[in-house]
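Visitor: predicted model, plus sequence, below.
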Amino acid sequence: MVDWEEKEHERRRGDYHAACEEIRQVWRQRIANPSGVLPGSTLDPAITSRGWVGHVQGFISQSDVLTRGSWKDLAAAIAEAYGLPRGAVLVDNSYTGVGDTVCVWAYRRPGEVDHHRRLPHTVFGQEWAGKEPVPGQLTDLERAELRDWAGKHRQMVELLRQGRDVDMERVVRRYNRMRGAILDALTRANVGEVREMLLEKGLTYATLGNDIAELLEMERPRLR
């Protein structure tokens, strides 16, 4: 790295740290002050391309739990403090799972929070209760989960083909759960094994989406 690159690197790094400090200052002044919604709390933020994410802790006893209703009020207070649109902040569990910690995702717009909330749940690497996973292999629970969501997606496809009224949120949620299960399974199962599980449920190239179907090397339908 030449001198000017090193100086530019240090300048940009300083700008980033200054921006993080601005986020912390707002938190201390508006959220963590004695009359704020989380008095005495600390925030460790990281700036992303979509806003910022931060780890919050120290606002209640470790044996207490912040209720979901309180999460919603907290998200609204944070959005107001940072001048963000209402609904653009998401409060979620922290990586530690301890009661006095949460993770805050501050986006620039509510649509990104809506997308975040719909990230598919996963049972990646988990096994049925009392059964030990075999390292490097797909678990029985993962297989069951994938077959279950594949079947539910097939049900939605059939209802749509019949022209029946369906809840589109449910259609999208079931598809995304299946899609996530497929991608997770492919980390430890071969393409043929995953493809067979989907074919057993009556799914085809057209019902999976082009990218997933190509990934699974499924037969492309002939154009008429």
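Guide: Arrived safely.
Visitor: can you show me the helices along this structure?
Guide: 3-26, 68-81, 110-117, 140-161, 168-185, 191-200, 205-208, 210-215 (DSSP state H).
Visitor: reformat the ones you listed as JSON lines; add mean neighbour count and distance to Thr101.
Guide: No exception for glycine: its C-beta is placed from N, CA and C like everyone else's. Below are the helices of the chain laid out as JSON lines (neighbours: other CB atoms under 10 Å; distance: least, CB to CB, whole Å):
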{"stretch": "helix 3-26", "mean neighbour count": "11", "distance to Thr101": "16"}
{"stretch": "helix 68-81", "mean neighbour count": "16", "distance to Thr101": "13"}
{"stretch": "helix 110-117", "mean neighbour count": "14", "distance to Thr101": "18"}
{"stretch": "helix 140-161", "mean neighbour count": "18", "distance to Thr101": "28"}
{"stretch": "helix 168-185", "mean neighbour count": "18", "distance to Thr101": "26"}
{"stretch": "helix 191-200", "mean neighbour count": "16", "distance to Thr101": "36"}
{"stretch": "helix 205-208", "mean neighbour count": "18", "distance to Thr101": "38"}
{"stretch": "helix 210-215", "mean neighbour count": "15", "distance to Thr101": "36"}
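Visitor: mind putting these into a markdown table with distance to Pro133 and mean pLDDT?
Guide: Putting these into a markdown table (distance: least, CB to CB, whole Å; pLDDT from 0 to 100) gives the following:
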| stretch | distance to Pro133 | mean pLDDT |
| --- | --- | --- |
| helix 3-26 | 38 | 93 |
| helix 68-81 | 30 | 87 |
| helix 110-117 | 28 | 95 |
| helix 140-161 | 9 | 96 |
| helix 168-185 | 13 | 96 |
| helix 191-200 | 16 | 96 |
| helix 205-208 | 27 | 94 |
| helix 210-215 | 24 | 96 |
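Visitor: of those, which is nearest Thr48?
Guide: Smallest distance to Thr48 across those (CB to CB): 10.3 Å, for helix 110-117.
Visitor: neighbours of the nearest residue to Gln137 once chain neighbours are set aside, how many?
Guide: Nearest residue to Gln137, sequence neighbours excluded (CB to CB, 6 or more residues apart in numbering): Arg188, at 5.9 Å. Arg188 is flanked by 17 other residues according to other CB atoms under 10 Å.
Visitor: okay, Gly51 and Ser41: tell me how far apart.
Guide: Applying CB to CB, to the nearest Å, one obtains 19 Å for the distance of Gly51 from Ser41.
Visitor: domain parsing for the chain?
Guide: Domain assignment for the chain, taken from automatic domain parsing, gives 3-106, 140-215.
Visitor: out of these, nearest to Gln126?
Guide: Per CB to CB, nearest to Gln126 of the domains of the chain: domain 140-215, 5.4 Å.
Visitor: ends of that closest one, how far apart?
Guide: 22 Å (CA to CA, to the nearest Å).
Visitor: please renumber the chain so that the first residue is 12 from this point on.
Guide: Okay, residue one is now 12; in that scheme the one you just asked about reads as domain 151-226.
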